[in-house]
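Visitor: Can you look at this prediction? I've put the sequence above it.
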Amino acid sequence: MTKRLIFLAAAACFFFAAPYRLAAQAPDKDKDKDAKASDSKDKCDSAATKEESSTTDHTIRIGAQAVPYKATASTTLLKNDKGDPTGMLYSVAYTRSDIKDPSLRPVSFLYNGGPGSATMWLHMGAFGPRRAHTVDGVFTPPAPYKLVDNTESLLDKTDLVFIDAMGTGYSHAVCKAQEKDFYGVDEDVEAFAQFIVTYLSRNDRWNSPKFLIGESYGTFRSAALGNYLQNHDTVHLNGIVLISSVLDLATLSFAPGDDRPYVFYLPSYAAVAWYHKVLKDRPADLPGFIEEARKYAQGEYAAALYKGAELSATEKTAVAKKLSYFTGLSEDYLIKADLRVTLSQFRVELQRSAGLTTGRIDARFTGYTYDLLEENAQGDPEGPAVGGAFTALINAYNHDELKFGRDKVYHNTNAGASWNWKREQTGPRRFFPGAPNVEGDLAQAMITNPRLLVQVENGYFDFATPFFATEFTMEHLGLPEALQKNIKEDYYSAGHMMYLRDEDRVNLHEHIGSFIDRATQGK
């Protein structure tokens, strides 16, 4: 961390801490007021548990057809097992309004990840009827931003329900509950499942084909949520779409003694080095180059790393030369790194000579490196490049078009919240904790429902969830051959949010639209 960043972090800590010191010096009468306010806050009155809703009518043209639809922005009350109110989940539902029997039309539930991210990205970037216009691959200039019709919305194929996780969007805890009560793998799944079951009942959608569409941690959620819905609520799904997927967090962790992430990231390193033209002998064919990197990663490279300290100096030199061919990094740097370059090291080293840091969420994006002596990347340029546009437009859209939330604060994230990664053990007894993993949930969901289809969307330039790790995960679920065939993978020349690239947003719509048709028709 640079001296400047250390100062800013220290300053932030000071300013957040100051009010608490002042409160400690307050006279007793102020303490009494605080206590009374706290007692009042604990009361669960009708205003705290009152759901809100706003419905508006719209039309959008998707392809050759005009699609009329209703947009319903609302909050849904959640309760615990005792029937006590615990929270409000905010959602925006888009339902086609010219359908005679809505119960037969597919309905999809969509959410982003984090954990702790609002669903404005999928909502305003990929599948909602209105889209935030951003400049592809570079920084989008400040306001005024453009809100445009999204001709790649999935409304032509399915009704859409975008859900903001607790503590994000307008979702919040109520009464005696706290938002941290929802911050955990199982806690989060139970909240989403309760919302979905409530939505199906209130809107007469029990007989509709049902889909889960999640991105990033949203894919982790989908695996656990799909299994929970089917086995706890007997809600059988037609399909699950995993966008930029991770089901086993160990594949991304670069933990000491675990060489797998280095193997999994190598094809992504190669793809990004190719994109930024830092390779000495840059091949013309990206897919062919990626396939070459896959074979080397799982073959000679994995074998070399497995040898550990037994790898000879001659062997290490040969591996460094090959890694340099794939990554564009110098052989000297690779030798010093012991052939193991973490993601944060790669992102700052790849374009160091140009003074640039490479993006993580989408490695096509670059930003200026403040301290050229830094060993690790100090931020992700992709976030600032598009975050301003999405934040401004989700607020304007909620207020002006959906007629909701003008007097509320829309939270993009619940950043900083502590997440409970521990889960109730349902499988074989384990004596030691491991990295969070929901592979078993997805496998069980597919075994419970052998007609459940799974579609996986991968970005070549996604450093957050590398595609080779996803491929490994999908091939190691332990499924029977007949069920393994229910999984299909697609690829895009973009990053984690492949829909930021116009061509890939079109392809994403086509792939998922076809998937919904296939899963609905049972073919």
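Guide: Sure thing, it's come through. Residues are numbered from 1 along each chain as shown.
Visitor: ok, the longest strand along the chain: who's next to it in the sheet?
Guide: The longest strand of the chain (DSSP state E) is strand 65-79. Note on strand 65-79: by DSSP bridges, its sheet partners are strand 53-62 (antiparallel), strand 85-96 (antiparallel).
Visitor: where's it relative to the chain centroid, distance-wise?
Guide: Relative to its parent chain, strand 65-79 has a centroid offset of 22 Å by CA atoms, centre = their mean, to the nearest Å.
Visitor: Stretch 181-192 too?
Guide: 16 Å.
Visitor: residues in contact with that stretch?
Guide: 78, 86-87, 89, 109, 111, 115-116, 163, 165-167, 173, 220-221, 224-225, 228, 414, 417-424, 436, 438 (CB atoms under 8 Å, 6 or more residues apart in numbering). All C-beta atoms are positioned from the backbone trio N, CA, C, and that covers glycine.
Visitor: Any of those buried? List them.
Guide: For these, a burial check counting by 16 or more other CB atoms under 10 Å picks out 78, 86-87, 89, 109, 111, 115-116, 163, 165-167, 173, 220-221, 224-225, 228, 414, 417, 419, 423, 436, 438.
Visitor: Strands - which of the residues you listed land there?
Guide: Those of those lying in strands (DSSP E): 78, 86, 87, 89, 109, 111, 163, 173.
Visitor: Strands of the stretch 401-523 of the chain, start to end?
Guide: With DSSP state E, counting those that start in this stretch as the definition, the stretch 401-523 of the chain shows strands at residue ranges 453-459, 487-492.
Visitor: now the ones you listed as CSV including mean neighbour count?
Guide: Listed next are the strands of the stretch 401-523 of the chain as CSV, based on neighbours: other CB atoms under 10 Å:
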stretch, mean neighbour count
strand 453-459, 25
strand 487-492, 18
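Visitor: Now distance to residue 317 too, for those strands, in TSV please.
Guide: Putting the strands of the stretch 401-523 of the chain into TSV (distance: least, CB to CB, whole Å) gives the following:
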stretch	distance to residue 317
strand 453-459	33
strand 487-492	33
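Visitor: if we compare those strands, which one ends up closest to residue 251?
Guide: strand 453-459 (13.4 Å; CB to CB).
Visitor: what's the average pLDDT for that closest one?
Guide: Averaged across strand 453-459, pLDDT comes to 98.
Visitor: elements contacting that strand?
Guide: strand 239-245, helix 467-474, strand 487-492, helix 502-521 (3 or more CB pairs under 8 Å, 6 or more residues apart in numbering; DSSP states H and E).
Visitor: Convert the longest strand of the chain to PDB, retaining C-alpha atoms only.
Guide: The C-alpha coordinates for strand 65-79 follow below in PDB (Å, rounded to 0.1, in the frame of the first residue of the first chain):
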ATOM      1  CA  GLN A  65     -41.500  -7.800 -31.700                       C
ATOM      2  CA  ALA A  66     -42.900  -5.100 -29.500                       C
ATOM      3  CA  VAL A  67     -43.100  -6.400 -25.900                       C
ATOM      4  CA  PRO A  68     -45.600  -4.600 -23.500                       C
ATOM      5  CA  TYR A  69     -44.800  -5.200 -19.900                       C
ATOM      6  CA  LYS A  70     -45.600  -4.100 -16.300                       C
ATOM      7  CA  ALA A  71     -42.700  -3.100 -14.000                       C
ATOM      8  CA  THR A  72     -43.300  -3.600 -10.300                       C
ATOM      9  CA  ALA A  73     -40.900  -2.100  -7.900                       C
ATOM     10  CA  SER A  74     -41.600  -3.400  -4.400                       C
ATOM     11  CA  THR A  75     -40.500  -4.500  -1.000                       C
ATOM     12  CA  THR A  76     -41.400  -8.000   0.300                       C
ATOM     13  CA  LEU A  77     -41.600  -8.700   4.100                       C
ATOM     14  CA  LEU A  78     -39.500 -11.700   5.400                       C
ATOM     15  CA  LYS A  79     -40.300 -13.500   8.600                       C
END
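Visitor: in it, what counts as buried?
Guide: 67, 69, 71, 72, 73, 74, 75, 76, 77, 78, 79.
Visitor: between those residues, which is closest to residue 290?
Guide: residue 67 (36.8 Å).
Visitor: Which residues are in contact with that closest one?
Guide: Shown in contact with residue 67 (CB under 8 Å, 6+ apart): 59, 60, 61, 96, 129, 155, 156.
Visitor: closest one to residue 296 among the strands paired with strand 65-79?
Guide: strand 53-62 (42.5 Å).
Visitor: pLDDT on that closest one, on average?
Guide: Mean predicted confidence for strand 53-62 is 97.
Visitor: Please compute how far it lies from its chain's middle.
Guide: 26 Å.
Visitor: got any ranges where the stretch 351-500 of the chain has weak pLDDT?
Guide: In the predicted model, the stretch 351-500 of the chain carries pLDDT under 70 at residues 415-417, 425-431.
Visitor: okay, the ones in strands among the buried ones among the contacts of stretch 181-192 in JSON lines with distance to residue 329 and pLDDT next?
Guide: Below are these laid out as JSON lines (distance: CB to CB, whole Å; pLDDT from 0 to 100):
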{"residue": "78", "distance to residue 329": "49", "pLDDT": "98"}
{"residue": "86", "distance to residue 329": "50", "pLDDT": "97"}
{"residue": "87", "distance to residue 329": "47", "pLDDT": "97"}
{"residue": "89", "distance to residue 329": "45", "pLDDT": "98"}
{"residue": "109", "distance to residue 329": "42", "pLDDT": "98"}
{"residue": "111", "distance to residue 329": "37", "pLDDT": "98"}
{"residue": "163", "distance to residue 329": "41", "pLDDT": "98"}
{"residue": "173", "distance to residue 329": "47", "pLDDT": "96"}
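Visitor: Dump those into JSON lines; add distance to residue 463 as well.
Guide: Converted to JSON lines, those look like this (distance: CB to CB, whole Å):
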{"residue": "78", "distance to residue 463": "35"}
{"residue": "86", "distance to residue 463": "36"}
{"residue": "87", "distance to residue 463": "33"}
{"residue": "89", "distance to residue 463": "31"}
{"residue": "109", "distance to residue 463": "27"}
{"residue": "111", "distance to residue 463": "22"}
{"residue": "163", "distance to residue 463": "26"}
{"residue": "173", "distance to residue 463": "33"}
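Visitor: among these, which two are most distant?
Guide: Pairwise over those, using CB to CB, the maximum falls at 109 and 173, 21.1 Å.
Visitor: where does the stretch 1-150 of the chain dip in pLDDT?
Guide: 1-43.
Visitor: returning to that earlier point: go through the strands paired with strand 65-79 and pick out the most buried.
Guide: strand 85-96 (a mean of 22; mean count of other CB atoms under 10 Å).
Visitor: Do you have the strands of the stretch 251-400 of the chain handy? List them.
Guide: 356-358, 366-368.
Visitor: Which residues does the first one contact?
Guide: For strand 356-358, the external contacting residues (CB under 8 Å, 6+ apart) are 272, 276, 346-348, 350-351, 365-369, 377-379, 381, 463.
Visitor: so what strands line up beside it?
Guide: Using DSSP bridges, the strands paired with strand 356-358 are strand 366-368 (antiparallel).
Visitor: Give me the contact list for the strand it pairs with.
Guide: 276, 351, 355, 356, 357, 358, 359, 379, 381, 384, 385.
Visitor: do stretch 90-105 as well
Guide: Outside stretch 90-105, the residues that reach it (CB under 8 Å, 6+ apart) are 57, 67-76, 123, 128-129, 155, 158-164, 169-171, 195, 199, 203-209, 402.
Visitor: Next, report how far that stretch is displaced from the centre of its chain.
Guide: 25 Å.
Visitor: from here on, count from 641
Guide: Understood, numbering begins at 641; the last thing we discussed is stretch 730-745.
Visitor: Quote the end-to-end distance of that stretch.
Guide: 23 Å (CA to CA, to the nearest Å).
Visitor: Can you tell me which of the strands of the stretch 891-1040 of the chain is most buried?
Guide: On a mean-neighbour basis (criterion: mean count of other CB under 10 Å), the most buried of the strands of the stretch 891-1040 of the chain is strand 996-998, at a mean of 25.
Visitor: Determine how far that one lies from the middle of the whole chain.
Guide: That offset, for strand 996-998, works out to 22 Å (CA atoms, centre = their mean).
Visitor: That's all I had, so thanks and see you.
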